[in-house]
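A.B. asks: Okay, predicted coordinates and the sequence, questions at the end:
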Amino acid sequence: MDRLRIDKWLWAARFFKTRSLAAEELGKNRVQVNGDTAKASREVKPGDMVTLRLGPTVRVVQVLGLSAQRGPAPVAQLLYEETAESLQATAAAREQRRMGSEPALSIEQGRPTKRDRRNLDAAKGGEWDNRWSASLDDD
C-alpha cells in the first residue's frame, strides 16, 4: 500500500476518534495536505505534510507511514512526525492556557454580607409592605 485516503489515515493516526469525525473536519476545510485544502477522498503518501487545525492549535505533521487499521497509540504515533515549529507552537499554547487568568479572580465582589444587605434594603426603603402585590385588595 503506497497511498491511503486522508480520512482513514487521520483516523488510524488517532487524530480523530471516528472516521466520520475526520471526514467532517475535512469538509470544514480544517485539514490541508501539502498546502492544499483536502477532501476526504484525497490520498496521502509517506512524505506528505499535513496541517490540522484542532481547536485553537494548528499542528503540522509529516506522514511517515500508512495504516488502514486503527491500532494502539504508540503504534499510531509512528505513522507521523510533528515538525519542530508545530511542537513549539503547541507548547506555547499549552503554557498560555495554563497561565491564563483564573475566572474566579475576575469577580470583584462576592455575595453581599449581612451588613451590605441591610444597607441595600435601607436604601430601597426596606419595607416589605411597600412592594407591589397582585392581590385583589384595593387599599
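C.D. replies: Received, thanks. Numbers count the residues shown, from 1 in each chain.

A.B. asks: Name the residues of the host helix or strand of V75 that are buried.
C.D. replies: Using DSSP states H and E, V75 maps to helix 73-76. Using 16 or more other C-beta atoms under 10 Å as the test for burial, helix 73-76 gives A76. Any C-beta I mention is one placed from the backbone N, CA and C, and that applies to glycine too.

A.B. asks: Kindly report the same for stretch 113-123.
C.D. replies: Per 16+ other C-beta under 10 Å, stretch 113-123 contains no buried residues.

A.B. asks: how far does that stretch sit from the chain's center?
C.D. replies: Computed by C-alpha atoms, centre = their mean, to the nearest Å, the chain-centroid distance of stretch 113-123 equals 43 Å.

A.B. asks: Extract the C-alpha trace of it and format it as CSV.
C.D. replies: C-alpha atoms of stretch 113-123 as CSV (Å, rounded to 0.1, in the frame of the first residue of the first chain):
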residue,chain,number,x,y,z
THR,A,113,-22.6,40.5,53.6
LYS,A,114,-25.4,40.8,56.0
ARG,A,115,-24.4,44.4,56.6
ASP,A,116,-24.3,45.1,52.9
ARG,A,117,-27.8,43.6,52.5
ARG,A,118,-29.2,45.8,55.3
ASN,A,119,-27.7,48.8,53.7
LEU,A,120,-29.3,47.9,50.3
ASP,A,121,-32.6,47.4,52.0
ALA,A,122,-32.4,50.7,53.8
ALA,A,123,-31.5,52.5,50.5
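
A.B. asks: and it, average pLDDT?
C.D. replies: In this model, stretch 113-123 has a mean pLDDT of 84.

A.B. asks: Equivalent analysis for stretch 30-43, please.
C.D. replies: 92.

A.B. asks: Can you name the residues in contact with stretch 75-89?
C.D. replies: The contact list for stretch 75-89, computed with C-beta atoms under 8 Å, 6 or more residues apart in numbering, reads 9, 12-14, 50, 57-67, 70, 90.

A.B. asks: Could you report the pLDDT at the residue nearest the centre of the chain?
C.D. replies: Among the residues of the chain, the smallest C-alpha distance to the mean C-alpha position (C-alpha atoms, centre = their mean) belongs to G55, namely 3.8 Å. On pLDDT, G55 comes in at 84.
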